[in-house]
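Engineer: could you work out the structure for the sequence below:
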Amino acid sequence: MTPPLDSADKRIVLVSIFCLVLLTTLALLFAPGNRGSSRGFPSSYSTDADGAKAAYVLLGEMGYRVERWENPPEVLPKLSKYTLLIIADPLIPASKEEEGHLKQFVAGGGRLLITGMTGAAMIEAKGVVPVLAPHDEWQTFAPEVPSPLTFHAPEISMEASARWAHLGAGQLRYYGSEEGAAVTKMRVGEGEIIWWGADSPLTNYGITRASNLALFLNCVGSPVTTRVLWDEYFHGVRPGLWHYLSHTPLPWALLQLLTLAAFVVITFARRSGAVRPLCRQSRLSPLEFIETVGALYQRKGAAEGALEIAYSRFRFLLARRLGVPPTAPTSELIRSVRERPGWTIPGFAETLEQIEAAMKAQEISEPRALTWVGELYDLTRRLGLEG
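Structural biologist: Down below sits the predicted model:
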């Protein structure tokens, strides 16, 4: 038979369970998403030759409002005018629903810079064909039409493995070869889509070649009005586990479990805590003592003595607060009170003078003494002498 746990062991077990639940919850809340540098594709996190961190950092240093976009297309801003979404060489194909959200983003006034065969498939491009060329072979292209996209870019260089061979109506070709367009643009609703045959002009290595930097900045637009969203969602960077769980009832369930665990710990602590002896209350309350002393004064008829005690205590507290000797005459106390800012109390001087005169004459009735004691108590409270 297993021996029962004593109170100390039970407390350790409960505290351990509570710490485990707390650490698990904190791990879910603050666990980072799948971020990090990557190789072989233009991630804004990557410093490799094929990465694109240089272009991303450059935009920030030039004053652009640039940020990484790690959310699905369905949460793209609805008011997308002056917003550019860069999808450079996406690794993960978009679903039909995601393609629809991208079209809505562009049709609402957004701009999309997208590259490669996978990018062409995401915008349902017709007429994009692969080019049989060595992977490491850089090709040079000259501008074919004067345009803001070709401004200060007399020659670009890219490892283009795809061409847009058959352009649609209203689609412009800016750079290309006999196989097709390497850089093209088309209008979709209120927005536009810019397509490159490859992502190499914006990579850490490619942005330094020819006029690739000028082409990239021309496509991005003005830093004054343009907001740049650099997509990492289609590079595989997705929100963490907590982002998914936050849209489920799990957070509320965890909150309920934590509340229940807290009540269990508190209840157990109260029931199993150290035993302390009860405090024994005095059978004589302070009020009984006051009533006894008051009865003695009443029986003796010593209203003058009671008033003298109350008045002497008031003078002592007042003199201590004013910083004068307790033996100071009443006139000096009255003058000091009048000179002190904020201590103007109607009837203050008259009350003290009447008490002084009555005590000298030794003609004090009980009702009058009771009234003066009450006034002294009120003055003590109003002047804050007991603090």
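Engineer: so which residues of the stretch 101-250 of the chain form strands?
Structural biologist: Per DSSP state E, counting those that start in this stretch, the stretch 101-250 of the chain carries strands over the ranges 111-115, 128-130, 139-141, 156-158, 162-164, 172-177, 180-188, 191-196, 227-231.
Engineer: format these as CSV; extra columns: distance to P277, mean neighbour count and mean pLDDT.
Structural biologist: Yep, even glycine has a C-beta here, placed from its N, CA and C like the rest. Below are the strands of the stretch 101-250 of the chain laid out as CSV (distance: least, Cβ to Cβ, whole Å; neighbours: other Cβ atoms under 10 Å; pLDDT from 0 to 100):
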stretch, distance to P277, mean neighbour count, mean pLDDT
strand 111-115, 78, 25, 94
strand 128-130, 88, 15, 89
strand 139-141, 93, 17, 92
strand 156-158, 87, 24, 92
strand 162-164, 87, 23, 90
strand 172-177, 92, 20, 92
strand 180-188, 83, 21, 92
strand 191-196, 80, 22, 93
strand 227-231, 69, 22, 94
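Engineer: let's have the ones you listed in a markdown table, adding distance to F216.
Structural biologist: What follows is those, written out as a markdown table (distance: least, Cβ to Cβ, whole Å):
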| stretch | distance to F216 |
| --- | --- |
| strand 111-115 | 9 |
| strand 128-130 | 21 |
| strand 139-141 | 14 |
| strand 156-158 | 9 |
| strand 162-164 | 18 |
| strand 172-177 | 13 |
| strand 180-188 | 11 |
| strand 191-196 | 9 |
| strand 227-231 | 11 |
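Engineer: R11 is nearest to which of those strands?
Structural biologist: strand 227-231 (52.1 Å; Cβ to Cβ).
Engineer: got the contact list for the closest one?
Structural biologist: The contact list for strand 227-231, computed with Cβ atoms under 8 Å, 6 or more residues apart in numbering, reads 44, 52, 56, 59, 64-69, 76, 82-88, 90, 220.
Engineer: next: stretch 113-126.
Structural biologist: 84-91, 93-94, 98-99, 102-103, 112, 128, 130, 161-162, 164, 166, 168, 193-199, 219-220, 234.
Engineer: distance between the ends of it?
Structural biologist: Terminal residues of stretch 113-126 lie 17 Å apart, using Cα to Cα, to the nearest Å.
Engineer: in it, which residues are buried?
Structural biologist: L113, I114, T115, G116, M117, T118, G119, A120, M122, I123, A125 (16 or more other Cβ atoms under 10 Å).
Engineer: what do you get for stretch 83-94?
Structural biologist: The neighbour-count check on stretch 83-94 (16+ other Cβ under 10 Å) flags T83, L84, L85, I86, I87, A88, D89, P90, A94 as buried.
Engineer: between those residues, which sits nearest G180?
Structural biologist: For these, the nearest to G180 is D89 (18.2 Å; Cβ to Cβ).
Engineer: how about that closest one, nearest residue that isn't a chain neighbour?
Structural biologist: D199 (4.1 Å; Cβ to Cβ, 6 or more residues apart in numbering).
Engineer: mind listing what the one you found touches?
Structural biologist: Taking Cβ under 8 Å, 6+ apart as the criterion, D199 is in contact with F41, P42, A52, A88, D89, T115, G116.
Engineer: state the pLDDT value of it.
Structural biologist: Reading off the confidence values, D199 has pLDDT 91.
Engineer: now do the nearest residue to T150 once chain neighbours are set aside against T344, distance only.
Structural biologist: Nearest in space to T150, with sequence neighbours left out and distances taken as Cβ to Cβ, 6+ apart, is P143 at 3.7 Å. Separation of P143 from T344 (Cβ to Cβ, to the nearest Å) stands at 89 Å.
Engineer: likewise G180?
Structural biologist: Taken as Cβ to Cβ, the span from G180 to T344 is 96 Å.
Engineer: same check, this time on L112
Structural biologist: 77 Å.
Engineer: between P143 and T344, tell me which one has more neighbours.
Structural biologist: The residue with more neighbours, out of P143 and T344, is P143; 19 against 9, by other Cβ atoms under 10 Å.
Engineer: quick one: the more buried one and L172 touch, right?
Structural biologist: No - counting by Cβ atoms under 8 Å, P143 does not reach L172; the two are 11.5 Å apart.
Engineer: which residues of the stretch 1-150 of the chain fall in helices?
Structural biologist: 7-30, 53-61, 96-107, 116-122 (DSSP state H, counting those that start in this stretch).
Engineer: nearest to A369, out of those helices?
Structural biologist: Of all those, helix 7-30 sits nearest to A369, with 60.9 Å by Cβ to Cβ.
Engineer: tell me the mean pLDDT over that closest one?
Structural biologist: Helix 7-30 shows a mean pLDDT of 74.
Engineer: and the pLDDT for the residue nearest to T150?
Structural biologist: So P143 comes in at 93 (pLDDT).
Engineer: separation between it and I156?
Structural biologist: 8 Å.
Engineer: verify the stated contact: P154 with A142.
Structural biologist: Yes - using Cβ under 8 Å, P154 is in contact with A142, at 6.9 Å.
Engineer: E155: what's its closest spatial neighbour, skipping adjacent residues?
Structural biologist: Spatially, and ignoring its direct neighbours in sequence, E155 is nearest to A210 (4.8 Å; Cβ to Cβ, 6+ apart).
Engineer: roughly how far apart are the one you found and V220?
Structural biologist: Separation of A210 from V220 (Cβ to Cβ): 17 Å.
Engineer: same deal with T203?
Structural biologist: 15 Å.
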